[in-house]
Structures are given as structure tokens and as C-alpha cells.
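*Asks:* Predicted model, plus sequence, below.
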Amino acid sequence: MGDQILVRHVPENLKTWIESERQQRYMSQQEFVLSVLQDAAKSKKPQPSLPLTPAATPERIPFSFIDLFAGIGGFRIPLDRFGGECVFSSEINSYSQKTYKAWFGEMPSGDITEISPASIPDHDILAAGFPCQPFSIAGVSKKNSLGHEHGFKCLTQGTLFFTVATIIEVKRPPVVMLENVKNLLSHDQGRTWQVIKGTLEDMEYSVFHQIIDAADYVPQHRERIYIVAFDKRVFGENPPFEFPTPPAKPRPRLIDILEPVVNDKYTLTDHLWKYLQDYAAKHKAKGNGFGFGLADLNGITRTLSARYYKDGSEILIPQKGKNPRRLTPKECARLLGFDEQYQNHIVVSDTQAYRQFGNAVVPKVADAVTRQVMALLAWHVKQRGCLLKAKTAA
Ligand SMILES: C[S@@+](CC[C@H](N)C(=O)[O-])C[C@H]1O[C@@H](n2cnc3c(N)ncnc32)[C@H](O)[C@@H]1O
């Protein structure tokens, strides 16, 4: 099992060529294909650069994926859209599971730390918006990690990233797509990021990362780090991956996603509105910038957080002759760029919906990143005539 490569959708002309060449050499199909691959590996030809521009629509190629820390499926939406087959999903929160089931017809498995990596089906893409946790380590460097049995990976023990890394190690998906808060880069003076990148590189993955602000796609300032890693055993040392360029302006505006009529229950009570104003005044006097955010209807909002349900203070919508109001859950869905089919099918309480949208990946950003991954996969299939699932090589 451990040293196999599964090649799907081999074009007819390639199959005919393999068959006639191997017969002439009195070789089995396996011997012949391996000898061709060995020759190619020895020649170490530089790879041509990616021929597809970011705007080009990559061909649909069949692939499978898993959706970890799935939440409400911010990653799943584009992966489904590009024709992927979801073969496993995991989400611990029962309310998020409920939304996920309603939206994708599938109940995710629960706590990923309780699931044996070997029991997870093989897949081409592993997607995960894992929660960021501190790795309690001091002065990590490549040098001092080498003394450990598993390099960087052992430094993440007990964290959810360790769980993700173990799944990658066992299943060796050709592509890994991760999303996290922007602060992952600066967390613990950069050590957390160093450990994550080092762990992936130790496992022979090429790692690309970029902070992307969703404001180019939806009317919300939401900076997140996107990490895309490619198995070097499949794609070689330098896969020509590029992150998307933002779409052409004009940027979307808040006013375009607001509902025309909104229930009064979303208007702040006098008590809460006074509290927020007093709180802001107190912090302003101390020279701090904390406070509520009255949104500019023609602009973009601050980042919607998972605690929005508490007081809505980060995004308040001004109203004529009334206290400001919170966004409705439907407006939050739009602010994250979830399509109408999801906006109109919210199956949990307002509190849970705010929490879910505040935690979610912006599907439109994930879509733009996925498109680039698909372009690379399509390019790879064209170059090599094959791929996709590569299992652990000895
Ligand atoms: C940052 S959110 C990811 C949201 C998701 N990417 C989306 O688009 O909605 C992290 C998610 O991981 C889930 N989670 C945390 N610990 C988990 C565990 N041990 N097993 C499975 N899911 C977990 C949380 O409930 C949360 O929904």
C-alpha cells in the first residue's frame, strides 16, 4: 500500500503508447512506467512555468478532498464547485454540524483528535481552517529541531496543527490548503509560523503563503493567511504556484448587501447603545482606539468576529432617527460572500449563526485560491499525463 501511486484518467493515446513500448522491451506495464519515471527523475529538467493566467478558467479535473475543521464549509463551497468529491469532513461543534448537514447534505464526523488518520479516505486535497494554538517552545530553529525524532512536528504535539500534520504524514495528500488568522505569522514572535512551515517542509512539501484581504471580494476588511503546500514527491521541487491577483475594482460596498427591511429586534436598546458610547469615550480618554464601529454604508466593514453576537459593536449600521442596529444573520452571510442558497437557509439561532459566520472562511477568497490550485493541477496533468493521488513513498 505504502509505495503505490494511483493514476486516474490516463488518456487513450498514452495507454496505447505504454502498451506498445513495454511489449517491445518485454517489460511489464509497471516496470516500464517506473523506468520512464526514473529516467525523468534523473534528467531533472526545469519545469516550465504555469501557462494559465489567474483569470483563465482551469479545466475541470476529477479530484477528491477532505474538509477538516469544516465549520460551515467556507472551503467546501469552492472545492465542490470545481468538481471535487468530498470524501471526509470533520467538525466538533454540533450547531456547525447542523448547518453543514443542511447545506451539504452530510453530517461531518466529530472531534478530529479522536479519529485515526489511517481511517480517513485517500484524497487529493486536504483543506483545513484549523484553530491557532500556541506551541509552548522557546527559540525554535531548524538546527535545534533536527535533534528531535520527527523534526519540527514533535514541537506541535498536543495541538490541532499536530493532528493535521499527522494526517498529512499518513495520507500524503498531493495538495494541502490551510487558512488561519493573519496573526499566525507574528504569533509568539514568529515561532508558531516557523514551526508550521518547518513541519510541512520536513514532510517534503513546498509551502506558499499569502495574507489576503477579503475586501477585494466582499465589503469586509478580513485579512487571513492562506497556506498552500504541494507534495514535492508529486510536483517536484518548484511547483509554479501563484496566489490570485485581486479582481478588478470597484470593490463591493456594504450598502449593496443590506436588507431593505429589517426587524426592530436588531436595533440596539438604549441601554446597550449608551454602554457602547460610554465605553468608547472612556477608552478614547485613555488614548486607546477601542470602541464600536459605525459602518460607512458606501465602504467596507471591520472584520466580523465570532463574538459579534455579544453586542455587535464592531459593525453597527447607522439608522435615521433610531439607534444603530446589528447586521442580520442573512447580511452576515452576504458579508462573507455566501450565495443566496445559503443566506436563505440559516437553520440555527441568531447567536450560533453570528458565531459561525464570524469563524468562516470567505468562500469567494477560497474560490480564487482554489482556482489557482486547479490551474496548477491541470498544468501538472498536462505535463505528466497523470497524477493525482500519490501515497507515501518509502
Ligand atoms: C476557524 S473555524 C473554521 C471555520 C471553517 N473553515 C468555515 O469556513 O466555517 C475552526 C473550526 O474548528 C472546529 N474545531 C475545533 N476543534 C475541533 C476538533 N477537535 N475537531 C473538529 N473540529 C474542531 C471549531 O468548532 C470551528 O468550527
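*Replies:* Received it, and whenever you're ready, just let me know what you need. Everything quoted here is computed from the prediction, not taken from an experiment.
*Asks:* Could you count how many residues lie near Glu85?
*Replies:* As a burial measure, Glu85 scores 13 neighbours (other C-beta atoms under 10 Å). All C-beta spots, glycine's among them, are computed from the backbone N, C-alpha and C.
*Asks:* looking at this, it is in a helix?
*Replies:* No - using DSSP: H, G, I helix; E, B strand; the rest coil, the secondary structure at Glu85 is strand, not a helix.
*Asks:* quick check: mean pLDDT across the longest helix seen in the chain?
*Replies:* Counting residues, the longest helix in the chain under DSSP state H turns out to be helix 363-384. In this model, helix 363-384 carries a mean pLDDT of 89.
*Asks:* Tell me the buried residues in it?
*Replies:* Using 16 or more other C-beta atoms under 10 Å as the test for burial, helix 363-384 gives 363-381.
*Asks:* Send me it as CSV with only the CA atoms.
*Replies:* Extracted C-alpha coordinates of helix 363-384, given in CSV (Å, rounded to 0.1, in the frame of the first residue of the first chain):
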residue,chain,number,x,y,z
PRO,A,363,-15.8,31.2,0.1
LYS,A,364,-15.0,33.8,-2.7
VAL,A,365,-11.4,34.1,-1.5
ALA,A,366,-11.1,30.3,-1.1
ASP,A,367,-12.6,30.1,-4.6
ALA,A,368,-9.9,32.4,-6.0
VAL,A,369,-7.1,30.4,-4.3
THR,A,370,-8.7,27.1,-5.3
ARG,A,371,-8.8,28.3,-8.9
GLN,A,372,-5.0,28.7,-8.8
VAL,A,373,-4.6,25.3,-7.3
MET,A,374,-6.8,23.8,-10.1
ALA,A,375,-4.7,25.6,-12.7
LEU,A,376,-1.6,24.0,-11.3
LEU,A,377,-3.2,20.6,-11.1
ALA,A,378,-4.4,20.9,-14.7
TRP,A,379,-1.0,22.0,-15.8
HIS,A,380,0.6,19.1,-14.0
VAL,A,381,-1.8,16.6,-15.5
LYS,A,382,-1.0,18.0,-19.0
GLN,A,383,2.8,17.9,-18.3
ARG,A,384,2.9,14.5,-16.9
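*Asks:* start the count at 896, not 1, going forward
*Replies:* Got it, the first residue is 896 from now on, which makes the last one we talked about helix 1258-1279.
*Asks:* Tell me how the protein divides into domains.
*Replies:* Following automatic domain parsing, the chain resolves into domains at 896-941, 958-1142+1258-1279, 1149-1254.
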